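Undergrad: sequence isn't available, so here's the structure alone:
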């Protein structure tokens, strides 16, 4: 197993606060890696730094051996490194089907000349993407809602839609920011089963999550962050047994 | 009466072109433009100045191109700053254009404006009756711009612009080049405003800065709000209704002799404002919704969706 995504001595300060402070860790290919840590440990900031939403002050991020430090967010996404958001960002002006048709990269119809002068080819691409979108929507049980506005879905359905949107980009690595937050238990089971199936199909995952049940069930590796630094890493059983982790969460020695 | 109707239809056409352009920038792509009148004026003056040497086609293309370039420049300057700042910068642009037109006498004729602007297809018109040419010309222009913008709105390009409008961060997380898309949308809208300005110049054959007041911007926003953000068809209805109402209420003074013309014109504008407020309360989504692609377009044999 090789290191797939490596973060080397990454630092990001907001004013006087170092949200990420010399953090070094790596994600292995084909596995689900959990990123846990108490509130304010810098988990979401780390995701923002990796996905190019925020520029780091120092350090390096590399993906598949390429340096992607400070690269624009949309370029990182088109390299196959896709993220979702803690608070769902559904595209409220689009229907469920449209938000999936939006995802695939390199759409000829997204250029002005393509949209105006290459309409048959564009329609062919759309049809092709629509078939893929239907397959994914059927898999997550949202096909019957295809023509609904994305804003009308429930919280859990929006999380599923966001994951589906990421899948249509044909990603290699998906970073999920709290996929379980605000999701009803039956839908959470759907999400967890889907993540496990996708891992078996070869997609790697990084998951930031507070739901320890999900982390324990899904993750092959777990990294614990505290105060912007990597604290401990190992299997879920290993890290939860580590006294430093208990101290970071509870603020006292175990 | 025929002459008056022609005037009305040409006025509606200019308003519709401006509205279509703003609908693309603001309705579809979410980019606020409070400097609409500046782009229309820039288009009108470019057409007025360049039509004599280049012919009207050349003048019109130059107007569209120059407005697209100005839009690109403005967008690049300000789009990174976000919505509110784009609004401020575009207001500033509108003012700069107005002041330049008033003061650069050597080029624009200052407050006196530019007379004798050549018209398209003059040779086709029977003597003294240019209206029979102007009317179809204006309608064809609106049809052409509508067709281009409607094709774009319904294409994946329109869809990705709507995504950028709804949530730029989410769009960039899906690999969409947000800045480039915004610049393109703003430039396309700017070009259409340039076309609207040239039609204005060809119709009046004489332009001066007093014709380009902020009310043009206000009418365009009214038309987009009334028609429904994102819907080009709704926009045509909205622009048509608003301009017809504004013009038709002129005749009220023949019916109601208690008030004089000045009072009536103030009342007319007030009534339009009241209409917009009522529309926003009673039908905030506008007359027509923006177009969506439905599952059955792709899978006609089964009943997907609802």
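TA: Yes, it's here. Keep in mind the model is a prediction, meaning the values are calculated, not measured.
Undergrad: could you find the closest non-adjacent residue to the closest residue to chain A within the stretch 1-150 of chain B?
TA: Chain A sits closest to residue B:148 of the stretch 1-150 of chain B, with a gap of 6.8 Å, by C-beta to the nearest C-beta. Every C-beta, even on glycine, is put in place using the N, C-alpha and C of the backbone. Take residue B:148 and drop its neighbours on the chain: the residue closest to it by C-beta to C-beta, 6 or more residues apart in numbering or on different chains is residue A:116, 6.8 Å away.
Undergrad: part of a helix, is residue A:13?
TA: No - read with DSSP: H, G, I helix; E, B strand; the rest coil, residue A:13 is strand and lies in no helix.
Undergrad: count the neighbours of the residue nearest to residue B:148 for me.
TA: Residues near residue A:116, counting by other C-beta atoms under 10 Å in any protein chain shown, number 16.
Undergrad: contacts only, for it.
TA: By C-beta atoms under 8 Å, 6 or more residues apart in numbering or on different chains, residue A:116 lies in contact with B:148, B:151, B:152, B:155.
Undergrad: re the thing from before, which pLDDT value goes with the residue of the stretch 1-150 of chain B closest to chain A?
TA: Reading off the confidence values, residue B:148 has pLDDT 97.
Undergrad: can you check the one 3 residues further on too?
TA: With respect to pLDDT, residue B:151 scores 96.
Undergrad: state the distance from it to residue B:246.
TA: Residue B:151 sits 30 Å away from residue B:246 when distances are taken as C-beta to C-beta, to the nearest Å.
Undergrad: who's more crowded, the two?
TA: residue B:246 (21 against 16).
Undergrad: can you count the residues close to residue B:235?
TA: When neighbours are defined as other C-beta under 10 Å, residue B:235 has 32 of them.
Undergrad: again with residue B:254
TA: Going by other C-beta under 10 Å, the residues that sit close to residue B:254 add up to 7.
Undergrad: and residue A:222, by the same measure?
TA: By other C-beta under 10 Å, the residues close to residue A:222 number 24.
Undergrad: again with residue B:215
TA: 12.
Undergrad: ok, it - contacts?
TA: No contacts exist for residue B:215 under C-beta under 8 Å, 6+ apart.
Undergrad: which of the contacts of residue A:116 lies closest to chain A?
TA: Nearest to chain A among the contacts of residue A:116, with distances taken as C-beta to the nearest C-beta, is residue B:155, at 3.5 Å.
Undergrad: roughly how far does residue A:230 sit from residue A:244?
TA: Residue A:230 is 11 Å from residue A:244, by C-beta to C-beta.
Undergrad: go on, residue A:250?
TA: Residue A:250 sits 11 Å away from residue A:244, going by C-beta to C-beta.
Undergrad: ok, residue A:142 next?
TA: Relative to residue A:244, and taking C-beta to C-beta, residue A:142 is found at 42 Å.
Undergrad: equivalent analysis for residue B:174, please.
TA: Taken as C-beta to C-beta, the span from residue B:174 to residue A:244 is 38 Å.
Undergrad: could you do residue A:29 as well?
TA: Separation of residue A:29 from residue A:244 (C-beta to C-beta): 27 Å.
Undergrad: would you confirm that residue B:227 contacts residue B:238?
TA: Yes - between residue B:227 and residue B:238 there is a contact under C-beta atoms under 8 Å: 3.1 Å.
Undergrad: overlap of the contact sets of those two?
TA: Shared contacts of residue B:227 and residue B:238, counting by C-beta under 8 Å, 6+ apart, come down to B:19, B:286, B:287.
Undergrad: so the last one, which state does it fall into?
TA: The three-state label for residue B:287, taken from three-state DSSP, comes out as coil.
Undergrad: over to it: give its phi and psi.
TA: Main-chain torsions, residue B:287, degrees, to the nearest 10: phi -70, psi -50.
Undergrad: mind checking how far the spatially closest residue to it that is not a sequence neighbour is from residue B:16?
TA: Using C-beta to C-beta, 6+ apart and skipping residues adjacent in sequence, the residue nearest residue B:287 is residue B:234, 4.6 Å away. In this structure, residue B:234 and residue B:16 are 12 Å apart, going by C-beta to C-beta.
Undergrad: neighbour-wise, which of those two wins?
TA: Higher neighbour count among residue B:234 and residue B:16: residue B:16, with 30 against 24, using other C-beta under 10 Å.
Undergrad: next helix or strand past the helix or strand containing the more buried one?
TA: Residue B:16 is part of helix B:2-22, with elements assigned from DSSP states H and E. Next helix or strand after helix B:2-22 toward the C-terminus (DSSP H and E): helix B:36-78.
Undergrad: angle of that following helix against helix B:2-22?
TA: 10 degrees (axes from the mean of the first three to the mean of the last three C-alpha atoms, to 10 degrees).
Undergrad: helix B:36-78 and chain A in contact?
TA: No - applying C-beta under 8 Å from any C-beta of the partner chain, one finds helix B:36-78 out of contact with chain A, separated by at least 11.3 Å.
Undergrad: now that helix: average pLDDT?
TA: Average pLDDT, helix B:36-78: 95.
Undergrad: ok so, going back, what about residue A:230 and residue A:244, which has more around it?
TA: It is residue A:230, of residue A:230 and residue A:244, that has more neighbours when counted by other C-beta under 10 Å, with 23 against 14.
Undergrad: you'd agree that one is in a strand?
TA: Yes - using three-state DSSP, the assignment for residue A:230 is a strand.
Undergrad: nearest spatial neighbour of it, skipping sequence neighbours?
TA: Nearest non-adjacent residue to residue A:230 (C-beta to C-beta, 6+ apart): residue A:25, at 4.8 Å.
Undergrad: what about that neighbour, which SS state?
TA: Residue A:25 ends up strand, using three-state DSSP.
Undergrad: number of residues surrounding it?
TA: If we define neighbours as other C-beta under 10 Å, then residue A:25 has 21 of them.
Undergrad: residues contacting it?
TA: A:6, A:7, A:223, A:230, A:233.
Undergrad: the same query, at a cut-off of 7 Å, please.
TA: Counting by C-beta atoms under 7 Å, 6 or more residues apart in numbering or on different chains, residue A:25 touches A:7, A:223, A:230, A:233.
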